[in-house]
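> How does the following fold in three dimensions:
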Amino acid sequence: MEVTALASHEEKEEHFKDQVAQLRQRFFNPISPGGLAGDGRSVVPASGFSFSAQQIWKVIKENKDLDLPAHKVMVATVRCEDIANDKLCRLTSDEAWIALEETVQFKYLVLGES
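Numbers count the residues shown, from 1 in each chain. Have a look, this model is predicted:
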């Protein structure tokens with residue numbers, strides 16, 4: 001898979017058109033240098049794509065250096081932090097909670113109750 005960024009059509013129309021023309025040539029001449037298929041040695045025919053994708057996935061699963069579980073933990077941690085921050089923000093703006101917190105602090109500081 002390859003991702004290609006193009007200039008803004010609205011801001012740089014001529015540059016955009018040039019880039020589109022270059023990309024079009026890569027489709028029309030896929031085995032030429034710079035074409036989508038490169039030099040043609042690593043091209044997988046459509047009939048073999050499924051098997052090729054399975055083999056790639058097998059290598060990914062067997063490669064311990066990829067550390068995919070750590071990535072899942074990182075994503076989960078970030079998501080949990082977002083949720084916790086959202087809940088804390090809602091709690092600290094809740095008037096009933098603020099009143100309860102002030103009452104507790106008043107009783108603890110002034111009255112010495114625990």
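
> For this structure, give me the ranges with low pLDDT.
Flagging of the chain using pLDDT under 70 yields the residue ranges 1, 30-45, 64-71, 113-114.

> Mind splitting it into its structural domains?
According to automatic domain parsing, the chain comprises the domains 1-43, 45-114.

> Centroid-nearest residue for the chain?
V75 (9.5 Å; Cα atoms, centre = their mean).

> And that one, how far from I83?
13 Å (Cβ to Cβ, to the nearest Å). All C-beta atoms are positioned from the backbone trio N, CA, C, and that covers glycine.

> tell me which element A99 is part of?
Secondary-structure element containing A99, defined by DSSP states H and E: helix 95-109.

> first to last residue in stretch 61-76, what's the distance?
20 Å (Cα to Cα, to the nearest Å).

> Can you classify A5 by secondary structure?
coil (DSSP: H, G, I helix; E, B strand; the rest coil).

> Let me fix that, I meant to ask about L111.
What three-state DSSP gives for L111 is coil.

> Is E10 in a helix, a strand, or coil?
Applying three-state DSSP: E10 is coil.
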